[in-house]
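# Fold the following, please.
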Amino acid sequence: MDRHGQAQSDFLSGAMEKRHDFIGGLAQACRDLIQVRSKVSRVEAFTQVERAELVAACSQQLDRLTRSREGKTAARLHRVREVAEARERLRTAACEAGCRAKLQDQAGAFAVAWKAKQDSQLRALQERARRSCLTLEAKGLDQARQKLSEAMAEAERQEQADAAERSWQQGMARMPSAVLEETSRTKAQDDLRGAVEEAEVLCKLEAAAADRAEDGPNEAEEANGFLGYHVFW
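Next up is the predicted model:
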């Protein structure tokens, strides 16, 4: 049985006890009234007025006793009601305190989990940025090496072309006029073919550079700056 049921049981027990006392008092008053009436019956010398006064006094005494018992019962009921309300308020306050503590614990756990998640995401972003930088540096080094190789190959080809030009000019000085014209025509055709091939290569390089610029403008700018720095040195 909970405390509320115990309070009701105590209240009913008290009410029954008061009722028993009230009935006992009422019985005693009745006995007193009977005794008074017996005395009245024995005292025949009393007048009708004295008898009425005696009955009125007994009735007033009975009314006072009844009102006293009812007042005590009402006061006890009021006290029991106040105690029950106070217990209910205490129970509600305890429940609210428990819920508030539980919510605070949940908020603390959520804050810790959220901070851990943010730290994990930050570390992942930092690692991704580091890998991107390393990838860009590797691409820049590869492109710088490629351009350096192309520049060295171009210099070697230019040197070979200059040597061939000098050799050709020396041979031209010793050739007859018809052979010179044929050689000049052949050389012009070779020069034209080389110019066309060079233009095609330049177009392909420009198209590749445009594709890289569309894929990542910022990445291309950083890589080109990095390549320019390495080619310069």
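# Name the helix or strand for Glu127, please.
helix 48-174 (DSSP states H and E).
# Please apply the same query to Gly24.
Counting by DSSP H and E, Gly24 is part of helix 3-42.
# Packing partners of that helix?
Secondary-structure packing of helix 3-42 (3 or more Cβ pairs under 8 Å, 6 or more residues apart in numbering; DSSP states H and E): helix 48-174. Quick note: C-beta positions are derived from backbone N, CA and C, even for glycine.
# got the angle between the helix it packs on and helix 3-42?
Angle, helix 48-174 to helix 3-42, by axes from the mean of the first three to the mean of the last three Cα atoms, to 10 degrees: 170 degrees.
# I'd like the average pLDDT over helix 48-174.
Looking at helix 48-174 alone, the average pLDDT works out to 79.
# Report all helices and strands that the helix holding Glu127 contacts.
helix 3-42, helix 177-215, helix 217-232.
# any idea how the protein splits into domains?
Split into domains by automatic domain parsing, the chain comes to 3-119, 131-232.
# on that earlier part again, between the helices and strands packed on helix 48-174, which gets the lowest average pLDDT?
helix 217-232 (a mean of 45).
# Can you get me a residue count around Ala52?
11 (other Cβ atoms under 10 Å).
# whoops, I mixed them up, Lys72
Quick note: Lys72 (other Cβ under 10 Å) scores 14 neighbours.
# got the contact list for the residue lying closest to it once chain neighbours are set aside?
Of all residues not flanking Lys72 in the chain, Lys18 sits nearest, at 6.5 Å (Cβ to Cβ, 6 or more residues apart in numbering). By Cβ atoms under 8 Å, 6 or more residues apart in numbering, the contact list for Lys18 reads Arg69, Lys72, Thr73, Arg76.
# distance of Lys18 from Ser132?
Using Cβ to Cβ, to the nearest Å, Lys18 is found at 89 Å from Ser132.
# can you check Gln170 too?
In terms of Cβ to Cβ, Gln170 sits 56 Å off from Ser132.
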